[in-house]
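**Q** here is my input, please return the structure:
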Amino acid sequence: MSAKHTAHEILEDPEFKELARRKNAVSLALTVAMIVIYFGFIALLAWGKELLGRPLGGGITLGIPIGIGTIMLAWLLTGVYVRWANTTYDAMVERIRKKVEN
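**A** Take a look at the predicted model:
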């Protein structure tokens with residue numbers, strides 16, 4: 001790349017394209033996973049009332065741990081993304097930034 005890079009040059013750089021492709025793939029996979037988890041829970045609320053209402057003991061039904069699990073999976077998926085971003089994504093961004101600065 002030349003000393004002064006245009007936006008077009010940066011956008012056409014193979015490393016930048018790979019960075020964008022990987023970010024989109026990870027984001028899409030995690031988004032789809034969360035949508036399936038969340039709407040799966042909502043579907044259970046709508047059509048699986050008997051299952052969710054099944055008592056586990058002590059006044060707790062099966063719906064409570066499943067609902068808590070839904071929330072915990074959202075946190076877990078967020079953690080997966082943060083870990084990926086802090087390790088892989090940030091390193092790729094730094095390489096491209098240094099390449100553009102030089």
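**Q** okay, which residue is most central for the chain?
**A** Taking C-alpha atoms, centre = their mean, the centroid of the chain lies closest to L30, which sits 3.3 Å from it.
**Q** element containing that one?
**A** In this structure, L30 sits in helix 14-47 according to DSSP states H and E.
**Q** what's the host helix or strand of L11 packed up against?
**A** Assigned by DSSP H and E, L11 belongs to helix 7-12. For helix 7-12, there is no helix or strand it packs on, judged by 3 or more C-beta pairs under 8 Å, 6 or more residues apart in numbering; DSSP states H and E. Glycine gets a C-beta too; all of them are placed from N, C-alpha and C.
**Q** pLDDT averaged over that helix - what is it?
**A** The average pLDDT for helix 7-12 rounds to 82.
**Q** can you give me how far it is from the chain middle?
**A** Here the centre of helix 7-12 is set off from its chain's centre by 26 Å, with C-alpha atoms, centre = their mean, to the nearest Å.
**Q** report how many residues lie close to E12.
**A** Neighbour count for E12, taken as other C-beta atoms under 10 Å: 11.
**Q** C-alpha coordinates for the lowest-mean-pLDDT helix or strand in the chain, CSV please?
**A** Sorted by mean pLDDT, DSSP states H and E, the helices and strands of the chain end with helix 7-12, the least confident at a mean of 82. Written as CSV, here are the backbone C-alpha positions of helix 7-12 (Å, rounded to 0.1, in the frame of the first residue of the first chain):
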residue,chain,number,x,y,z
ALA,A,7,-10.4,4.2,2.0
HIS,A,8,-10.8,2.2,-1.2
GLU,A,9,-7.3,0.7,-0.8
ILE,A,10,-8.0,-0.3,2.8
LEU,A,11,-11.3,-1.8,1.9
GLU,A,12,-9.8,-3.8,-0.9
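**Q** pull out the buried positions in that helix.
**A** Along helix 7-12, not one residue counts as buried under the neighbour rule (16 or more other C-beta atoms under 10 Å).
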